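In: how would this look folded up:
(2 chains)
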Amino acid sequence: MSARIGVVTFPGTLDDRDASRAVALAGAQPVELWHGDHDLHSVDAVILPGGFSYGDYLRCGAISSQSPIMTEVVAAANNGLPVLGICNGFQVLCEAHLLPGALTVNEGLHFVCKDQRLRIESTSTAWTNAFDQGQEILIPMKNGEGNFVADEATLDRIEGEGQVVFRYVGGNPNGSRRDIAGLRNAAGNVVGLMPHPEHAVEELTGPSLAGLDIIASVITALADGQVPA
Amino acid sequence: MIDTVVNSQSTPGQPQPFAELGLKPDEYQAIRDILSRRPTSAELAMYSVMWSEHCSYKSSKVHLRQFGEKAPKTDALLVGIGENAGVVDIGDGWAVTFKVESHNHPSYVEPYQGAATGVGGIVRDIISMGARPLAVMDPLRFGPADAPDTKRVLPGVVAGIGGYGNRLGLPNIGGEIVFDSTYLGNPLVNALCVGAMKHEDVHLASAKGVGNLVVLYGARTGGDGIGGVSVLASETFDADGPAKRPSVQVGDPFMEKLLIECTLEVLGAGLVEGIQDLGGAGISCATSELASNGEGGMHVVLDRVPLRDSSLTPEEILMSESQERMCAVVLPENLDAFLAICQKWDVEAVAIGEVTDTGRLTVEWRGEQIVDVPPRSVAHDGPVYQRPYSRPNWQDALQADGPGELARPSTSGELRETLLTMISSPNLADKSFVTDQYDRYVQGNTVLAQPENAGVVRVDEESGLGVAISTDCNGRFAQLDPYFGAQLALAESYRNVSATGAIPLAVTDCLNFGSPEDPAVMWQFEQAVTGLADACLQLGIPVTGGNVSFYNQTAETAILPTPVIGVLGVLDDVDRRTPMAWGPDGEQIYLLGTTRDEFAGSEWAHVVHEHLGGRPPTIDLEVERVLSQILVAGSRDGMFTAAHDVSEGGIAQVLVEMALRSGVGARLWSPDGIDMFTHLFSESASRAVVVVPRSEELRFTEMCAARNFPCMRIGVVDSGLGADAGFAQGTQVMQFGEDFTIELTELADAHTATLPELFGESLS
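Out: Predicted coordinates for the structure are as follows:
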């Protein structure tokens, strides 16, 4: 029985089909989840994909974080359900207070789409256990508001507690504090990042296959019972 | 007081503001003749927008007929010119629809919203055919790169395209960015969209079935963009005229994304009998076109239209160009299901009318009839003009002023400097400062995107079936000779698509010209259309649809004639596409085609001498067709690791782009029988550079010989030249024969610095 991984569609979500394709290519079963439902359909893990949910109106991720499905995601995440937020999904996780800090407009004020090198800073998460500590990967990045900010005390704490999972290398594309590209929660089941691993799953269309290892990680974590199913 | 049909009959002499609405006296009289009375103010509003140049093609129609009359025999065309977009069969039961449109005038007045709504409009054209949009492209033209107004227009246009397109989840896979002084005050913002569907899912804009309901859904109707097509797109900008900002529409990409998903779901559920997007001319256009394409009439209750502004008059509601609206014809028994899907996507939907058997389009407001017209007279039987046209008297002098006397680089040092000047000039410089502001990854089917020869997207994930699209035009060539200029534009686009390995199938065009009231401009237009139609017939690829944009001129200065040509090709398996980056050491670099001393209209003459004159490069479409066959066959049989078409900037530009894309240097010979300058910078047509592994060399040269097509080995990929040339071990360099050797890093710096320096800080 392959892992069932839910992919949430909010109004304005764009990369939901891409995330489902990545899940399928990695050998798991994608399950469509709808923002207006209070039902996680007994999935084993959840991906909040990229896009511009609610048009980024009010504040990126702010409206989606209050949606019915997020009530369920937050409760389940606090019970250990693996949750991955990509780009807008990362913004939603910060707005939902599952991850610290916030994402603001890029330093250069432009939307930036490029292939981005990242260093894996933490492998003790449900989504990165297939990587080596310090390994570098190349995956697409595309956002207008990917500039991670937090106060110094928070930054020191998350650095100290090993919650930085991905760091930009070869240049900081958006002004993120301490080159932070992605974070985990203390338990390691919730991970968010701005770049897009779901676009690095086929040689034909992506710069690497690193995205498959993200999904492989959660499949391993679920199989090992590291997280409650 | 409401101007009802009854009222119009009793007040035949009432003065009407037809001139302010853009109608000429004889056009106004024609409306009176059709109706046998004066039009009501609401009818006048409808006719004025639908008979505008933008909607009616009244100046271009007589010439555009050639696309139909000269259309090549093809089985590939499922839906031809006249619908929202043409539909092409690409095999396996799949069809694609694609179209390019202009949003030039709004983008000059308000760059961000003008460009944003240009994307929105073309995407709605594609979804209204029943297709899921796959990708967008944006051919753009601006004034000189260092002109102050270009610094206003370009960043706004780019931000608008990104701000809207990125929020729709459509990858932006290509386009053009061209600078020329004639576009100062007349920027060209063209937008292309391509979508795919199964054959059985093709939908058309027609209202059939008496009693069927007409449902308006999407955004509410507001006061934005009133008279946009008649006031903005169909008049010349006057330097002293009033700012026309109130006629520009404002876009909401979030609503458009919901509209896309909602539309695809109602289409997929079989709930739609006919469908039409609301763009130029708004409800006037959608209702009259649906009714005119149908079999009967239509009755609309205008009070039911959801409004953002309750003070709008019925005339304004009919003319409003508020964005993100669609109109569908729905069986009464399907209405509830239709509305339920709209509700799921938070899209407002209201049945505003129904299909009737009266043969008339009638509109009621506050219980009174304010419109009663034959729908065809509004939508399709507008005025047709035989605009006078004549070859301008300056054309001979322009063609006589060839580039032969222009000083050419004579030393190796000058040649090296010329290369750096050329690759850093705004038209040839790296465009990633712009294109990196567009999402090219979303949907996960982008196989090639800018700066590659053409954009390539996968249509079918199972089989790998996909399409390639390129848009091209060299307006300078069209200025020198509009007939051959249009053919050269088509040839370049055809070649670009072929270079990826795709078989060219169909054409869309966006014909951007000055004022049709100027006989010289009209001659350019007639020549360009004729050249294009002749070339399409010869190459066997039909024009499936497109757009004409006139009045691109400020005072007396018209733009270069700019027939932007989009060619669509098909790849059975996108895995076999040919990219532009060459591979490892030892691969052989070949030139396909013949280089002549052809510099008229070239980038070199433009950049180095600011010269435009002479006759454009010769174009032989039979040669172009054989070249295409070689590029496609070489891709199919795995003979090429890379290919690149040769156009602006010549072979020099091609080699630099290929080297920088791959990061590996090359050794280039001094060619026999031609000097290095002409070899590197001539812009002769029908040429491509291909890179062939040694193992394929014999097969490749034999294929060219069998087709009697010239091919010449011009270099070899070589990563080990740096040390010999006095650079550090491992330094990647390009060696240009005996003339000079240059580091890739120096080329990269020259090539990539230009746009960021002009338009802002580039992010690392």
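In: what helix or strand is the residue positioned nearest the centre of chain B on?
Out: The residue lying closest to the centre of chain B (C-alpha atoms, centre = their mean) is residue B:100, at 3.5 Å. Using DSSP states H and E, residue B:100 sits within strand B:94-102.
In: name the helices or strands packed onto that strand?
Out: On a contact count with 3 or more C-beta pairs under 8 Å, 6 or more residues apart in numbering or on different chains; DSSP states H and E, strand B:94-102 meets strand B:86-91, helix B:111-127, strand B:132-142, strand B:188-198, strand B:466-472, strand B:503-512, strand B:543-549, strand B:562-571. For glycine as for every other residue, the C-beta is placed from the backbone atoms N, C-alpha and C.
In: any chance of JSON lines for these, columns mean pLDDT, distance to chain A and mean neighbour count?
Out: Output for the helices and strands packed on strand B:94-102, formatted as JSON lines (pLDDT from 0 to 100; distance: least, C-beta to the nearest C-beta, whole Å; neighbours: other C-beta atoms under 10 Å in any protein chain shown):
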{"stretch": "strand B:86-91", "mean pLDDT": "93", "distance to chain A": "18", "mean neighbour count": "22"}
{"stretch": "helix B:111-127", "mean pLDDT": "94", "distance to chain A": "13", "mean neighbour count": "27"}
{"stretch": "strand B:132-142", "mean pLDDT": "97", "distance to chain A": "10", "mean neighbour count": "26"}
{"stretch": "strand B:188-198", "mean pLDDT": "97", "distance to chain A": "14", "mean neighbour count": "27"}
{"stretch": "strand B:466-472", "mean pLDDT": "98", "distance to chain A": "10", "mean neighbour count": "30"}
{"stretch": "strand B:503-512", "mean pLDDT": "97", "distance to chain A": "19", "mean neighbour count": "26"}
{"stretch": "strand B:543-549", "mean pLDDT": "93", "distance to chain A": "27", "mean neighbour count": "26"}
{"stretch": "strand B:562-571", "mean pLDDT": "98", "distance to chain A": "12", "mean neighbour count": "29"}
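In: Three-state assignment for the residue in chain A positioned nearest to chain B, please.
Out: With C-beta to the nearest C-beta, the shortest gap between chain A and chain B falls at residue A:55, namely 2.8 Å. When classified by DSSP: H, G, I helix; E, B strand; the rest coil, residue A:55 comes out as helix.
In: identify the residues contacting the residue lying closest to it once chain neighbours are set aside.
Out: Of all residues not flanking residue A:55 in the chain, residue B:254 sits nearest, at 2.8 Å (C-beta to C-beta, 6 or more residues apart in numbering or on different chains). Residue B:254 is in contact with A:11, A:12, A:52, A:54, A:55, A:56, A:57, B:167, counting by C-beta atoms under 8 Å, 6 or more residues apart in numbering or on different chains.
In: now do the buried residues in the one helix or strand residue B:254 maps to.
Out: Using DSSP H and E, residue B:254 sits in helix B:253-268. Under the neighbour-count criterion of 16 or more other C-beta atoms under 10 Å in any protein chain shown, helix B:253-268 has B:253-264, B:266-267 buried.
In: and which of those residues is nearest to chain A?
Out: For the buried residues of helix B:253-268, the minimum distance to chain A (C-beta to the nearest C-beta) is 2.8 Å, reached by residue B:254.
In: identify the residue nearest the geometric centre of chain A.
Out: residue A:85 (2.7 Å).
In: am I right that that residue is in a helix?
Out: No - remark: residue A:85 does not belong to a helix; assigned using three-state DSSP, it is strand.
In: give the other helices and strands that the lengthiest helix in chain A contacts.
Out: Longest helix of chain A, by residue count under DSSP state H: helix A:210-223. Where contact means 3+ C-beta pairs under 8 Å, 6+ apart, helix A:210-223 is packed against helix A:16-25, strand A:136-143.
In: one more pass at 6 Å, please.
Out: helix A:16-25 (3 or more C-beta pairs under 6 Å, 6 or more residues apart in numbering or on different chains; DSSP states H and E).
In: re the thing from before, the strand holding residue B:100 pairs with which strands, and in what direction?
Out: Sheet pairing of strand B:94-102 (DSSP bridges) gives strand B:86-91 (antiparallel), strand B:188-198 (antiparallel).
In: can you count the residues close to residue B:615?
Out: Look at residue B:615: counted by other C-beta atoms under 10 Å in any protein chain shown, it has 16 neighbours.
In: I misspoke; the intended subject was residue B:101.
Out: When neighbours are counted by other C-beta under 10 Å, residue B:101 registers 25.
In: pull the CA atoms of stretch B:706-713 into PDB?
Out: The C-alpha coordinates for stretch B:706-713 follow below in PDB (Å, rounded to 0.1, in the frame of the first residue of the first chain):
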ATOM      1  CA  ALA B 706      21.400  13.900 -50.900                       C
ATOM      2  CA  ARG B 707      19.200  17.000 -50.600                       C
ATOM      3  CA  ASN B 708      21.700  19.100 -52.400                       C
ATOM      4  CA  PHE B 709      21.900  21.500 -49.500                       C
ATOM      5  CA  PRO B 710      25.000  23.400 -48.600                       C
ATOM      6  CA  CYS B 711      26.700  22.500 -45.300                       C
ATOM      7  CA  MET B 712      30.100  23.700 -44.200                       C
ATOM      8  CA  ARG B 713      32.100  22.700 -41.100                       C
END
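In: what does it contact?
Out: Stretch B:706-713 has contacts (C-beta atoms under 6 Å, 6 or more residues apart in numbering or on different chains) with B:588, B:590, B:591, B:592, B:594, B:626, B:704.
In: if we use 10 Å, what do you get?
Out: The contact list for stretch B:706-713, computed with C-beta atoms under 10 Å, 6 or more residues apart in numbering or on different chains, reads B:588-595, B:623, B:626-627, B:629-630, B:633, B:669, B:671-674, B:679, B:686-688, B:690, B:692, B:697, B:700-701, B:703-705.
In: please enumerate the strands of chain A.
Out: With DSSP state E as the criterion, chain A has strands at A:4-9, A:29-34, A:45-48, A:83-86, A:102-104, A:112-120, A:136-143, A:147-149, A:164-169, A:180-184, A:190-193.
In: and those strands as a markdown table, adding mean pLDDT?
Out: Converted to a markdown table, those look like this (pLDDT from 0 to 100):
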| stretch | mean pLDDT |
| --- | --- |
| strand A:4-9 | 98 |
| strand A:29-34 | 98 |
| strand A:45-48 | 98 |
| strand A:83-86 | 98 |
| strand A:102-104 | 97 |
| strand A:112-120 | 97 |
| strand A:136-143 | 98 |
| strand A:147-149 | 97 |
| strand A:164-169 | 98 |
| strand A:180-184 | 98 |
| strand A:190-193 | 98 |
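In: ok, which of those strands comes nearest residue B:213?
Out: Set against residue B:213 and scored by C-beta to C-beta, the strands of chain A come closest in strand A:29-34, at 27.8 Å.
In: centre of the chain to the closest one, how far?
Out: Its chain's C-alpha centre and that of strand A:29-34 lie 16 Å apart, by C-alpha atoms, centre = their mean, to the nearest Å.
In: would you mind listing the buried residues in it?
Out: Neighbour counts over strand A:29-34 (16+ other C-beta under 10 Å) mark A:30, A:31, A:33 as buried.
In: helices or strands up against that strand?
Out: With contacts defined as 3 or more C-beta pairs under 10 Å, 6 or more residues apart in numbering or on different chains; DSSP states H and E, strand A:29-34 has these neighbours: strand A:4-9, helix A:16-25, strand A:45-48, helix A:68-78.
In: quickly compare those and say which is most buried.
Out: Ranked by mean neighbour count under mean count of other C-beta atoms under 10 Å in any protein chain shown, those are led by strand A:45-48, which reaches a mean of 29.
In: just how off-centre is it within its chain?
Out: On C-alpha atoms, centre = their mean, the centre of strand A:45-48 falls 8 Å from the chain's centre.
In: mind listing what it pairs with, with the direction of each?
Out: Using DSSP bridges, strand A:45-48 pairs in its sheet with strand A:4-9 (parallel), strand A:83-86 (parallel).
In: among the ones you listed, which comes closest to residue B:479?
Out: The nearest among the strands paired with strand A:45-48, by C-beta to C-beta, is strand A:83-86 at 48.2 Å.
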